[in-house]
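Student: below are the sequence and a predicted model for it; my questions follow.
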Amino acid sequence: MFDLGGTTLEKIIDLDPFRLPLDFLIPSADIEALRPHRSLLEQHHLDFETGEALLGLHSLLLRAGGLTILIDTCVGEHKARPRRVDWHERADTGYLLRLAKAGVAPEDVDIVLCTHLHADHVGWNTRLENGRWIPTFPNARYLVGKAEIDHWQAEDERSPGSHNHGAFTDSVLPILEAGLLEKVEDGFEIGRGARLLCLPGHSPGQVGLCLDCGRSSRAFFCGDVVQTPVQVLRPDWSSRFCFDPALASRTRTELFELALETDSLIIPAHLRGALAMRVTHEAGGYRPEFIS
């Protein structure tokens, strides 16, 4: 458990590690250019022998101002994901047991913040019960960026179930139908000292959370602005899953500069081996400093 000035943070792991070839995740990546940073990256973030990026698929559990907040809900169970064998029809993963070990039952969650609606961020939004997808967190407000939900809703209307692994159908639409999804925009306040900020590029309407941590410091929960710490070293390297790679790169750089200016923590969605990081200037670029 990590203390953010009176707010506590924990990881609830769904799948770790999640391995992807680096040149698949980031087509422009050059692993040879990263060898000078091997000691920084190799234990938790990059397997130099296999050329694979190592990601963590987990939710971030916040207890802030009397609220229980879950940021992103990973892959889930029983979801048909035939293009990814490690996601397909998973069962008995222990995710809800790990949440219970943290002292939280599904009914206790007040807010689910979906930074964006890719399949590895919405899976536990719903669970299968008697052949139907129902909200896993029945008392929660599910917060989604307005531009994000509008984009994927339009995509699903044009071609139902045929994009994003079918995640809209089984993990988003049931939340809409239950009346639990709330569209939010830049500056929306979850609670005192906790507001949303737009972080577009990786997806059309990705949002993050800016949390005041006391003594003028902040923490930025930034979704997939940073999918791997490799992108701190090379912010120009956007992933193949980015909706607008150039915009994703600009958003990344702007976030790093803001974090430097305010001495803030950055908390990406898939960070392994640490809960947060700081970004420092190094040789005209950036370098991550990991914080457990």
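Tutor: Received the coordinates, thanks. Numbering: from 1, shown residues only.
Student: and the pLDDT for residue 1?
Tutor: Residue 1 is assigned a predicted lDDT (pLDDT) of 78.
Student: repeat for the one 5 residues further on
Tutor: According to the predicted model, the pLDDT of residue 6 comes to 84.
Student: dump the residue contacts of it.
Tutor: 64, 214 (C-beta atoms under 8 Å, 6 or more residues apart in numbering). In this view, the C-beta of every residue, glycine as well, is placed from N, C-alpha and C.
Student: same check, this time on residue 152
Tutor: Here residue 152 is in contact with 117, 163-164, 168, 172 (criterion: C-beta under 8 Å, 6+ apart).
Student: if you look at those residues, which of them are in strands?
Tutor: Among the contacts of residue 152, none falls in strands (DSSP state E).
Student: and which of the residues you listed is nearest to residue 188?
Tutor: residue 117 (16.8 Å; C-beta to C-beta).
Student: next one: phi and psi at the nearest residue to the closest one once chain neighbours are set aside?
Tutor: The spatial neighbour of residue 117 that comes closest, neighbours along the chain excluded (C-beta to C-beta, 6 or more residues apart in numbering), is residue 152 at 5.1 Å. Main-chain dihedrals, residue 152, degrees, to the nearest 10: phi -70, psi -30.
Student: how much space separates residue 152 from residue 272?
Tutor: 27 Å (C-beta to C-beta, to the nearest Å).
Student: now swap in residue 137 and tell me
Tutor: 25 Å.
Student: more neighbours: which of these two?
Tutor: residue 137 (26 against 22; other C-beta atoms under 10 Å).
Student: so who does residue 18 touch?
Tutor: Residue 18 touches 54-57, 86, 120, 270, counting by C-beta under 8 Å, 6+ apart.
Student: sheet-wise, list the partners of the longest strand seen in the chain with their directions.
Tutor: Secondary structure of the chain per DSSP E: the longest strand is strand 7-21. Partner strands for strand 7-21, per DSSP bridges, with pairing direction: strand 2-4 (antiparallel), strand 52-64 (antiparallel).
Student: just name the most buried of the ones you listed.
Tutor: Highest mean neighbour count of the strands paired with strand 7-21: strand 52-64, a mean of 23 (counted as mean count of other C-beta atoms under 10 Å).
Student: in the next helix or strand after that one, what's buried?
Tutor: Counting by DSSP states H and E, the next helix or strand C-terminal to strand 52-64 is strand 67-71. If you call a residue buried by 16 or more other C-beta atoms under 10 Å, then strand 67-71 has these buried ones: 68-71.
Student: could you dump these to JSON lines with pLDDT?
Tutor: Compiled in JSON lines, those are given as follows (pLDDT from 0 to 100):
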{"residue": "68", "pLDDT": "97"}
{"residue": "69", "pLDDT": "98"}
{"residue": "70", "pLDDT": "98"}
{"residue": "71", "pLDDT": "98"}
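Student: quick check: the gap between residue 93 and residue 77.
Tutor: 6 Å.
Student: more neighbours, these two?
Tutor: residue 77 (20 against 17).
Student: mind listing what the more buried one touches?
Tutor: 90-93, 95, 123-124, 127-128.
Student: doesn't it belong to a helix?
Tutor: No: read with DSSP: H, G, I helix; E, B strand; the rest coil, residue 77 is coil and lies in no helix.
Student: phi and psi next, for it.
Tutor: phi -120, psi 150.
Student: could I get the pLDDT score of it?
Tutor: 98.
Student: what about it, distance to residue 138?
Tutor: The value you get for residue 77 to residue 138, if C-beta to C-beta is used, is 17 Å.
Student: kindly report the same for residue 283.
Tutor: Distance from residue 283 to residue 138, by C-beta to C-beta: 51 Å.
Student: ok, now residue 259?
Tutor: 35 Å.
Student: ok, now residue 6?
Tutor: For residue 6, the distance to residue 138 - C-beta to C-beta - is 28 Å.
Student: before we move on, what about residue 4?
Tutor: 27 Å.
Student: same question, residue 96
Tutor: For residue 96, the distance to residue 138 - C-beta to C-beta - is 13 Å.
Student: again with residue 193
Tutor: Where residue 138 is concerned, residue 193 sits at a distance of 27 Å (C-beta to C-beta).
Student: and these two? Which one has more around it.
Tutor: Each of residue 193 and residue 138 has its neighbours counted (other C-beta under 10 Å); residue 193 has more, 17 against 11.
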